[in-house]
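>>> Task: produce atomic coordinates for the following.
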Amino acid sequence: MEFHYADESDAAFLADINRQLIEDEWDGGGMSLAGLEKRMRRWLSEDEYKAILFQERGTTVAYCMLSVDEDSAYIRHFFVLHEHRSGGVGRRAVELLFREIIPPDVRVTLDVLASNRAGHRFWRSVGFTDYSVRMERDPAAKTSSAEPPPAGPPPAA
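As a prediction, this is how the structure comes out:
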């Protein structure tokens, strides 16, 4: 497996990959393809994120959007293209990330949707552990006051 950093000429391709990621995890919806491409172009023009395309035999098989600074790294997106899943591509890409891209002495974090059980299994299998739980309240979702809040002292801040 080899990799290269994406540039602005890859923005449309990256937007399509990002669309696939969104469809996989959120049942579609969200930004338009044009909106995703605009966001990709912005990310590629700024210094905060680097987009990485992983290839095998000249074919792109996976993608990562990564932010790295002197003491930490954040994996914003990681996606194995559908036709390349279940063959170890994700594991090989992560190994390459840690061998050649992310410095060995930085802390690495990422978010996995609570509903993404396969993602949880994968990230645990490559050495990640649970760190926090990010919660949200969707204003469009109906809330019920029938269930009282959990008893006990408030969590430590």
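>>> Now do the helix or strand bottoming out on mean pLDDT in the chain: which elements does it pack against?
Taking mean pLDDT, DSSP states H and E as the measure, the chain has helix 11-26 as its least confident helix or strand, at a mean of 84. Helices and strands touching helix 11-26, by 3 or more CB pairs under 8 Å, 6 or more residues apart in numbering; DSSP states H and E, are helix 33-45, strand 59-68, strand 72-80. Every residue, glycine included, has its C-beta placed from N, CA and C.
>>> in the longest one, what counts as buried?
Taking 16 or more other CB atoms under 10 Å as the basis for neighbour counts, the residues of helix 33-45 that come out buried are Leu36, Glu37, Met40, Arg41, Trp43, Leu44.
>>> Residues contacting that helix, please?
6-8, 10-12, 14-16, 18-19, 22, 31, 49, 51, 65 (CB atoms under 8 Å, 6 or more residues apart in numbering).
>>> Please work out the average pLDDT along that helix.
Mean per-residue pLDDT for helix 33-45: 88.
>>> Now the phi/psi pair for Leu53, please.
Main-chain dihedrals, Leu53, degrees, to the nearest 10: phi -110, psi 130.
>>> Next, name the residue at the spatial heart of this structure.
The chain has His77 as the residue nearest its centroid, 2.3 Å off, counting by CA atoms, centre = their mean.
>>> thinking again about what came up before, can I get the helices and strands packed on helix 11-26 in TSV including distance to Glu136?
Below are those laid out as TSV (distance: least, CB to CB, whole Å):
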stretch	distance to Glu136
helix 33-45	20
strand 59-68	21
strand 72-80	17
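>>> Please identify which of these is closest to Ala93.
Ranking these by their distance to Ala93 (criterion: CB to CB) puts strand 59-68 first, at 4.4 Å.
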